[in-house]
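Chemist: Got a sequence here, can you build the structure:
(2 chains)
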Protein chains: 2
Amino acid sequence: MKEGYIKYDELLSYTTKILQKLGYPKAQAEVTAWILAEADARGVPSHGVGRLEFYESNIKSGFNFPNAEPEIVHETPLSLVVDGHHGVGPYVAEFTMARVVEKARSAGAGFGAVRNSNHFGMAALWAEMAAAQGFIGMSFCNTRICSIVTFGRDRILGTNPICFAIPSAGKTHFILDMATTTVAHGKVEVYERHDKPMPTGWVVDEKGADTTDIHGFQKIYREKRTGGHLFLGGAGEELGGHKGYGLGLFVDILCAGMSMG
Amino acid sequence: MKEGYIKYDELLSYTTKILQKLGYPKAQAEVTAWILAEADARGVPSHGVGRLEFYESNIKSGFNFPNAEPEIVHETPLSLVVDGHHGVGPYVAEFTMARVVEKARSAGAGFGAVRNSNHFGMAALWAEMAAAQGFIGMSFCNTRICSIVTFGRDRILGTNPICFAIPSAGKTHFILDMATTTVAHGKVEVYERHDKPMPTGWVVDEKGADTTDIHGFQKIYREKRTGGHLFLGGAGEELGGHKGYGLGLFVDILCAGMSMG
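Modeler: Below you'll find the model as predicted:
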């Protein structure tokens, strides 16, 4: 694999053009290109332009309607519920968070929940919109099903990221943006490419047992519904796997409950 | 060790009396007895009446002024900052959370921060006060210094618990109440009493290296300032120790920043 450097602005405009070719309207293409370029610029390639194929497949499969406009379906002085109508995730997220920050400015706090949307990229970008305006920001998202519960075997939850952003007086805010699983699936894919056994504590096999076998795991991960990612703290309770599971479940219930309005 | 059962109400009134003998006014004694009895009733003896000695030592050492009344030092329609004046932790917590819930009812959301207070018992009890009234509740607390940062050696953070409570239509709410370290120190003490080696991933020794040696660890824990608890995910980054550290640090910054008002 050859590595090279590309200027941020060039990557941004080039990615915008690709997304427009894929059928994204200009505004949707711009915010999506921004979140992808931003991820690469921050050294998070798992959420960068390398995922363009994923965005393309979401359109081709009809999972995503790039032209859909988000709609506010419930609103109070402090909160709103948005229906994304299966539009572009980052576009819906920016739409919602901009209004959450406005509400925080006028009412003291703001809360937004989104239904019928999809992958919004790095969670940090949305919580940071609040921190950039001097507010403590939080963002949560449920994801594609890939992980098991403590002592489980079937995949029933996602990587369910949480993000907290606390503004500081200086240029650098405190930002924590993490999957509640031990690792995101992108890390497993890296080990697969390198034919490397995984550390114990990342995943379990179809019987719910610890496994380090990268190719065996990827096979069941692609073909079956059992075996999957462990939450932070690993299998069982000894190293606190139930805590990571609790965090992931919290995100799931929060997202489900709030987006129902 | 002999085990027995005691009725909840008897434990509550007996504990109240003991706390009054120790110098707590009636109201302070009642809320503290309640949080201790409640912990035992829920099967969390690490936060139950077994800790009465700790409460006694806090008074005798002058760390705690049982008669001190909390004072609101800053207030907005949505928030308040309380100075606990080193009074009784659970009393200050209840004082604050009752007002946070009132604010949530009138303004849509409520936030409280407390300075100059101390151990408030199980974090769950305070977030639950919100959930009991139909609100999503969160509680966070920094604690006695006992844990190290990822790749660290010196103790510089606490177990820094986080709690999220989401109300449900049924009788049982979703409650997550967890130290952000792999285990709380009480678990180490249990292993000490049983002469049992700890699992790798709980603590590191004075050099910052993984250790399972329970007596060796307890010795340095009592006598030195290096070696300490690992955050959820254990040592290093391989199993996500940096994520647990991030959660613990979030609590620390949040508590420090908010309590400054």
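Chemist: okay, CA-based contacts and neighbour counts for the rest of this
Modeler: OK.
Chemist: A:Thr16 reaches A:Ala33, doesn't it?
Modeler: Yes. Counting by Cα atoms under 8 Å, A:Thr16 touches A:Ala33, with 5.2 Å between them.
Chemist: What residue in chain A comes nearest to chain B?
Modeler: Chain A approaches chain B most closely through A:Gly233 (4.9 Å), counting by Cα to the nearest Cα.
Chemist: Now that residue: closest residue in space that isn't a chain neighbour?
Modeler: Among residues not flanking A:Gly233 along the chain, A:Gly241 sits closest, at 3.8 Å (Cα to Cα, 6 or more residues apart in numbering or on different chains).
Chemist: Let me see the backbone angles for that neighbour.
Modeler: Main-chain torsions, A:Gly241, degrees, to the nearest 10: phi -60, psi -30.
Chemist: ok, it to A:Thr150 distance?
Modeler: Using Cα to Cα, to the nearest Å, we find A:Gly241 at a distance of 6 Å from A:Thr150.
Chemist: A:Phe140 too?
Modeler: With the distance defined as Cα to Cα, A:Phe140 ends up 21 Å from A:Thr150.
Chemist: Who has more neighbours out of these two?
Modeler: A:Phe140 (24 against 21; other Cα atoms under 10 Å in any protein chain shown).
Chemist: near chain B, which residues of the stretch 101-250 of chain A show up?
Modeler: Contact residues (Cα under 8 Å from any Cα of the partner chain) of the stretch 101-250 of chain A with chain B: A:108-109, A:164, A:166, A:174, A:176, A:178, A:182-183, A:199, A:201-202, A:232-234, A:238-240, A:243, A:246-247, A:250.
Chemist: Please put the alpha-carbon coordinates of the least confident helix or strand in chain A by mean pLDDT into PDB.
Modeler: The helix or strand of chain A with the lowest confidence, counting by mean pLDDT, DSSP states H and E, is helix A:185-193 at a mean of 88. Extracted C-alpha coordinates of helix A:185-193, given in PDB (Å, rounded to 0.1, in the frame of the first residue of the first chain):
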ATOM      1  CA  HIS A 185     -15.300  -3.300  13.600                       C
ATOM      2  CA  GLY A 186     -12.800  -1.400  11.500                       C
ATOM      3  CA  LYS A 187     -10.100  -2.600  13.900                       C
ATOM      4  CA  VAL A 188     -11.000  -6.200  13.300                       C
ATOM      5  CA  GLU A 189     -10.800  -5.600   9.600                       C
ATOM      6  CA  VAL A 190      -7.300  -4.200  10.000                       C
ATOM      7  CA  TYR A 191      -6.200  -7.400  11.800                       C
ATOM      8  CA  GLU A 192      -7.900  -9.500   9.000                       C
ATOM      9  CA  ARG A 193      -5.800  -7.700   6.400                       C
END
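Chemist: Tell me the helices and strands packed up against that helix.
Modeler: Here helix A:185-193 touches helix A:214-223, going by 3 or more Cα pairs under 8 Å, 6 or more residues apart in numbering or on different chains; DSSP states H and E.
Chemist: list the helices and strands the helix it packs on packs on?
Modeler: helix A:185-193.
Chemist: Give the helix, strand or coil label for the residue nearest to A:Gly201 when sequence neighbours are not counted.
Modeler: Spatial nearest neighbour of A:Gly201, excluding adjacent residues (Cα to Cα, 6+ apart): A:Gly234 at 4.5 Å. At A:Gly234 the chain is in coil, as set by DSSP: H, G, I helix; E, B strand; the rest coil.
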